[in-house]
Structures are given as C-alpha cells and as structure tokens.
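Engineer: coords please:
(one chain, ligands or ions: 1)
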Amino acid sequence: MIRSVVQGCGAYLPERVVTNADLAKKMDTSDEWIQQRTGIRQRHIAADGEFTSHLALKASEQALTHAGIKASDLDLIVLATATPDETFPATATRVQAELGMTRGAAFDVQAVCAGFVYGLSVADSLIKNGLASTALVIGAETFSRILDWEDRGTCVLFGDGAGAVVLRAEEGMGTSADRGVLANALHSDGRQHDILYVDGGPSSTRTTGLLRMEGKEVFKHAVVNMAAVVGEVLAKAGFETGDIDWLVPHQANKRIIDGTGRKLGLPPERVVVTVDRHANTSAASIPLALDVAVKDGRIKKGDLLLLEGIGGGLAWGASLVRW
Ligand code: ACO
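Structural biologist: A predicted model of the protein is given here:
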C-alpha cells in the first residue's frame with residue numbers, strides 16, 4: 001500500500017516586518033484593537049520586486065535540504081496560491097525552472113486559505129495513483145498585493161510568506177502506525193462567494209482586484225466548518241480527537257483557532273499558533289506553522305498531525321498526517 005510520507009519541510013518569510021504600531025501610524029487603527037480581535041502582532045511584507053515565486057523558491061530549497069532530496073529527484077510540484085506571479089503560466093513552473101527540475105509536472109491549485117490542504121490532497125492522490133513518486137507541495141502568497149490599504153477592516157489581517165513540504169511514495173503496512181498522509185477531506189460552497197472574494201480578475205474586469213470580506217460571516221462559517229471537517233477526517237482514518245498530537249490550523253485569527261480547539265476539546269498546548277507573528281498568509285500559513293513547530297522540536301517523527309484550513313469560495317478541508 002503506497003503512502004505519501006513527509007520527508008522534510010521549509011519556510012520563508014520576507015525580511016520586512018510591519019508591526020501593528022507601524023500600521024497605526026498610517027491608518028485609524030491600534031495595536032490593542034488588532035491584538036484583541038485577531039491575536040496578530042506583526043506581519044512580513046514582500047519587498048518591491050519580490051514575487052510569490054521568489055518566496056516559494058526559498059521555502060522549497062529549504063524543504064529539499066531538510067528532506068535530503070535533490071530537485072532532480074522531484075517529479076511533481078503542486079503550488080497553492082491565490083496570488084500567482086502572473087495570470088499564466090502557473091507559478092509552480094517558475095519554481096520548477098529555478099530549481100532546475102526538468103521532468104514531471106508542475107502546476108498551481110487555487111483554494112485560497114484552504115490551498116495547502118487542497119495541494120497536499122492532490123499530491124497525495126497523484127502519488128497513491130502512481131502518477132508521481134516525489135512531490136513538493138508549496139503554499140506561497142503575497143497577499144499584500146491584493147489588499148485594499150484604505151480598508152482597515154481587512155488590510156491589518158494579512159501577511160506574505162511561503163512554506164513547503166516534500167512528499168515521497170513509500171510502501172506502508174496499511175496500519176494506523178504508518179507514517180504519511182492518512183486521510184484528506186475537501187469541501188466547498190460556492191454560494192458563499194460574496195462574504196470573501198477579490199473584486200477583479202482577467203476574465204471579469206481585466207484587473208487584479210482587491211480583497212473584500214464580511215468578517216463576521218466568515219468567522220461564523222469558519223468555526224462550524226472547521227470542527228465538522230476535522231471530525232470527518234478523523235472518522236475516515238479511524239481516530240478520535242484525543243489521538244491528535246498537534247493541531248496545525250490555518251492561521252487566520254487567534255479567536256477562530258481557539259474556537260476550533262475548544263469545540264474539539266483540544267488543550268491549547270497541542271495547537272500550533274503563529275498568527276501573532278505571521279498574520280494570515282493564506283495558503284502559506286499551514287506549512288509556515290508546521291515548519292516552526294518541526295524546527296523548534298515540538299513536532300516529532302511519528303506524531304499525529306491534523307491540518308485544517310478554510311478560505312474564500314468558501315473552500316475548506318483537513319488532512320491527517322503521521323509525521
Ligand atoms: N482598527 C480599528 N477599528 C477597526 C478596524 C481596525 N483595523 N477594523 C474595523 N474596525 C472597527 C469597525 O469600523 C467597527 O467600528 P464601528 O463599530 O464604529 O462601526 C468596529 O471596529 C467593529 O468592526 P467589525 O467588522 O464588526 O469587527 P469584528 O469584531 O467583526 O472584527 C474581524 C473584525 C477581526 C475581521 C472579525 O470579523 C474576524 O476575525 N473575522 C474572521 C475573518 C477572517 O479571519 N478572515 C480572514 C480571511 S478568511 C480565512 O482565512 C478564514
């Protein structure tokens with residue numbers, strides 16, 4: 001039985017850090033308001049001329065080194081982003097070229113903040129079906145480029161960054177002790193378009209557009225859908241909440257993360273939180289959080305991880321991974 005086993009991870013954050021106090025100098029907001037409502041203290045913002053592919057490349061190089069794998073060993077790159085360098089080709093192909101990978105396939109998936117879980121599920125399926133054997137799954141975003149910096153209700157929430165994992169096909173025993181991706185669950189509900197979207201695009205307006213959000217509505221859907229999809233993916237693999245070593249959630253908002261943790265009955269010590277330092281980096285937030293907890297020694301080989309995310313679409317999903 002083929003399993004997609006995580007061989008390593010990597011991450012990259014742009015150098016420039018913008019604190020809440022920095023934002024308060026430019027707009028009518030405060031550190032207190034932002035921290036109280038979201039838990040965010042700061043975010044990283046890409047430099048002029050620094051694109052999503054540049055962040056993705058740096059995270060990927062780190063992940064390959066951590067995994068002990070050469071770019072020439074890869075036969076698949078799946079890059080999750082809602083902020084590609086260009087409308088086409090896929091940003092993944094830029095990363096492919098920069099890494100010097102000349103075989104296999106590279107493409108983007110677009111599920112906004114659920115993008116990493118979607119990308120992981122797609123790569124896992126291709127590996128299990130024998131279409132790939134060594135894959136790089138990347139979440140990379142430059143959301144700073146699609147924010148309306150005049151809208152204090154949204155622009156304070158997001159940051160830029162990238163994270164990546166390397167997956168490799170390995171024979172498993174088919175037991176719950178196997179390492180690798182154990183189960184995935186994906187959902188979307190296109191009726192919820194209007195609560196979180198970008199008001200532009202190549203086909204509709206021929207502009208890139210800016211992010212629009214009804215925060216309270218998104219909040220309500222997020223907590224309910226997250227708890228449900230976590231239950232679903234656990235049931236699929238025959239586990240219970242108590243079996244989870246680490247919840248690695250999409251980092252949108254500390255209150256959503258706490259709400260989901262409480263609904264699941266998970267103690268805060270088993271939830272990885274980076275939203276305070278990274279803000280919401282959309283598809284990059286889960287692999288960025290993963291990388292922090294792996295590199296600081298909290299996540300260890302054999303731990304059971306639950307990854308979950310929700311974003312525009314609405315689109316949401318969860319993956320259960322034995323590290
Ligand atoms: N600084 C100061 N005041 C602000 C700011 C700001 N940055 N933004 C809004 N306000 C004001 C509003 O103008 C409003 O003032 P008023 O009462 O005088 O009209 C007041 O604060 C309350 O505004 P609300 O929008 O009602 O604030 P709310 O309590 O809903 O918090 C927030 C807003 C943080 C966005 C919240 O709704 C939320 O967390 N939603 C979840 C959405 C989310 O995280 N989205 C991320 C993308 S989706 C995802 O990744 C899951």
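Engineer: interface residues of the stretch 151-300 of the chain facing the ligand?
Structural biologist: Those residues of the stretch 151-300 of the chain that sit near the ligand, judged by CB under 6 Å from any ligand atom, are 152-153, 156-157, 196, 213, 215-216, 218-219, 222, 250, 252-253, 280. For every residue, glycine as well, the C-beta is placed using N, CA and C.
Engineer: so how far is R43 from the residue in the stretch 201-323 of the chain positioned nearest to the ligand?
Structural biologist: Proximity of the stretch 201-323 of the chain to the ligand (CB to the nearest ligand atom) peaks at G215, 2.7 Å away. According to CB to CB, to the nearest Å, G215 and R43 sit 17 Å apart.
Engineer: Most neighbours among the residues of the stretch 151-300 of the chain next to the ligand, please name it.
Structural biologist: Within those, neighbour counts (other CB atoms under 10 Å) peak at H250, which reaches 34 neighbours.
Engineer: That one against A315, yeah?
Structural biologist: No. Taking contacts as CB atoms under 8 Å, H250 lies outside contact range of A315: 11.1 Å.
Engineer: burial measure for the closest residue to W149 other than its chain neighbours, as a count.
Structural biologist: With sequence-adjacent residues excluded and distances taken as CB to CB, 6 or more residues apart in numbering, W149 is closest to C155, at 5.1 Å. C155 has 20 neighbours, counted by other CB under 10 Å.
Engineer: show me the contacts for C155.
Structural biologist: 23, 27, 147-149 (CB atoms under 8 Å, 6 or more residues apart in numbering).
Engineer: what about G312, neighbour count?
Structural biologist: Using other CB under 10 Å, G312 is surrounded by 24 other residues.
Engineer: hang on, isn't it packed against T83?
Structural biologist: No. Using CB under 8 Å, G312 is not in contact with T83; the gap is 11.9 Å.
Engineer: quick one, strands of the stretch 1-150 of the chain?
Structural biologist: Counting by DSSP state E, counting those that start in this stretch, one finds strands in the stretch 1-150 of the chain at the ranges 2-12, 16-19, 42-45, 76-80, 105-109, 134-142.
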